[in-house]
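Novice: Predicted model and sequence follow; I will ask about them next.
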Amino acid sequence: MSKEALHLSIRNLEPSDYPQLKQLMDSIYNDIGGAWPKETIDGLINDFPDGQLAIEDDGLLVGIALTALVKYDVFSIPHKYDDLIGQREIILNDLEGDTMYGLDVLIHQDYRGYRLGRRLYEARKDLCRSMNYQAILAGGRIPNYHNYAAELSPTEYIDKVSRKEIHDPILSFQLSNDFQVKRLLRNYLPEDEDSMGYATLLEWNNILYEPEESVIDRDKQEIRVGAIQWQMREFDSVEKVLEQVEFYVDAISDYQSDFAVLPELFNTPLMGLTDQTNQAKAIRFLAGFTERFKEEISRMAVSYNINIVAGSLVEEGEDGQLYNVAYLCQRDGTINRQPKLHITPQEEDEWVIQGGDTLNVFETDAGRVGILVCYDVEFPELPRILAEQDMDVLFVPFWTDTKNSYLRVRHCAQARAIENECYVVVCGSVGNVPSIENLDVQYAQSSVFSPSDFAFPHDAVMSETTPNTEMLMFSDLDLRRLKVVRNEGTVTNLKHRRKDLFDLRWRDWSLKAGD
């Protein structure tokens, strides 16, 4: 059969296909009874038509995949093939089932080598995702086992097949199609002498599966982020700053965003309201406004029904020390805090700001999020610890003066998105305010970065602003794509870490899942 002569198409099996199906099954299953009766096939087509797949070449049936519907809780535990079969060889389809059960995949002998089996498996997976089934299960024969039974136990045989030391025509194929061996099944099909009655319970897990539940309770999978590339300017009162914040929050909420993001220390121009000759005193003066900002921004979050990453603000701690703290004001009224852990020399020397000692992942109604303030994103250990807590989106409010400073933040943030398979949102400030100490110049290009794989933009940049221009930036983030790339990506950085060689732990303080 030459490739040039092929005219392949995939479709659902029809009752009229039975004569060809019988011929195909009889030729392949001659050692275990041959084809199913026509009544069995008609019952499968009637009960679960979408699950019965066929590949034809100019009308010739060259491949089939038969599938049943079952309950996961029933068939994910030890069972026998007969548990699927009723009287007169009728497949016991459970029309309320939440899982697909692979019965047979057969390829015409003249068409082997064209990866038609893989094509049928991919069609099954697509159906599983589209129908929101929990998994695909299958009882897999191990037909080469009889050649090794004298020297290997079934589990030893399975282990050697998984390590590719032995080839098994069925198990090797299943493993190459992302199925995992869940357990060994004994006496699964006693008449299968080649497998000596053994089989593997195989599972392909649908990572996008969502249990049936109330729409209100369902976690959002598509979220919208709005970032405020804030221009530093002189303000004559706290009220003026808050008016500007509310203007932007209002605008972003009008676009049905789930998050609004402000930059690091966006209210610093209020230092212009006091004597700046002593910077330590001026920054402590600024800290006096923080409670007001927290209260007002939290009110906006509730009023405008949006989660607000309130940049960062200078906070005076209970110990009397100053900290640079990012706040997440959620739309349910919750206020979370994440202190900046690594303090820049300028912050430490001129403002006497201390580094915090807690690291948080926050559960929101639009995903699990983390916040790292500016310099912190340049330390890869922190995002990795957050990624281990299933973080979806990392927010990085920043404040940089020059382009080279900005590029340090940008390049590190983009690396964090790739290595931790998450979205990273960086949001900064722009403008020149020579009248206020340390606000002479700002440089920013706020951006949203993604993992680098086929499901995302080719340059792994979801969105970005015009540099050094006050503006809003929006980006739609699909959290389901993160699940896919973490499990089925071209590379899977998180899964492939060599934990046998190295690990990472948080020392002295407990990692928190919310403050």
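Specialist: Perfect, I can see it now.

Novice: quick one, helices of the chain?
Specialist: 18-28, 38-47, 72-75, 116-130, 154-162, 171-176, 238-254, 279-287, 290-303, 345-350, 381-387, 403-420, 479-488 (DSSP state H).

Novice: Pull out the buried residues from the fourth one.
Specialist: Okay, so that is helix 116-130. Leu116, Gly117, Arg119, Leu120, Tyr121, Ala123, Arg124, Lys125, Leu127, Cys128 (16 or more other Cβ atoms under 10 Å). For every residue, glycine as well, the C-beta is placed using N, CA and C.

Novice: sorry, back to before: possible to save the helices of the chain as TSV with distance to Met232 and mean pLDDT?
Specialist: Shown next, in TSV, are the helices of the chain (distance: least, Cβ to Cβ, whole Å; pLDDT from 0 to 100):
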stretch	distance to Met232	mean pLDDT
helix 18-28	72	93
helix 38-47	66	94
helix 72-75	56	94
helix 116-130	47	94
helix 154-162	59	95
helix 171-176	56	93
helix 238-254	11	96
helix 279-287	13	92
helix 290-303	16	96
helix 345-350	16	89
helix 381-387	27	96
helix 403-420	14	97
helix 479-488	33	90
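
Novice: Ok, which of those comes nearest Pro211?
Specialist: Nearest to Pro211, of all the helices of the chain, is helix 72-75, at 10.7 Å by Cβ to Cβ.

Novice: Pull out the buried positions in that closest one.
Specialist: Buried-residue list, helix 72-75, by 16+ other Cβ under 10 Å: Tyr72, Phe75.

Novice: what are the bridge partners for Thr200, then?
Specialist: Going by DSSP bridges, Thr200 is paired in beta bridges with Gly140, Leu184.

Novice: contacting residues for it?
Specialist: Neighbouring residues of Thr200 by Cβ atoms under 8 Å, 6 or more residues apart in numbering: Gly139, Gly140, Ile142, Ile158, Leu171, Gln174, Val181, Lys182, Arg183, Leu184, Leu185.

Novice: where exactly do the strands run in the stretch 251-400 of the chain?
Specialist: Here the stretch 251-400 of the chain has its strands, by DSSP state E, counting those that start in this stretch, at 259-261, 307-316, 322-329, 335-339, 353-354, 362-364, 367-371, 393-397.

Novice: Centre of the chain to the second one, how far?
Specialist: How far strand 307-316 lies from its chain's middle: 27 Å, per Cα atoms, centre = their mean, to the nearest Å.

Novice: Parallel or antiparallel, list what pairs with that strand.
Specialist: Strand 307-316 has the following strand partners under DSSP bridges: strand 259-261 (parallel), strand 322-329 (antiparallel).

Novice: Low-confidence bits of this structure, can you list those?
Specialist: Low-confidence segments of the chain (pLDDT under 70): 1-4, 88, 213-218, 508-515.

Novice: want to throw the contacts of Thr200 into CSV with neighbour count and distance to Gln389?
Specialist: Shown next, in CSV, are the contacts of Thr200 (neighbours: other Cβ atoms under 10 Å; distance: Cβ to Cβ, whole Å):
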residue, neighbour count, distance to Gln389
Gly139, 20, 36
Gly140, 24, 35
Ile142, 27, 39
Ile158, 22, 33
Leu171, 26, 35
Gln174, 25, 32
Val181, 18, 29
Lys182, 17, 27
Arg183, 14, 30
Leu184, 17, 34
Leu185, 21, 36
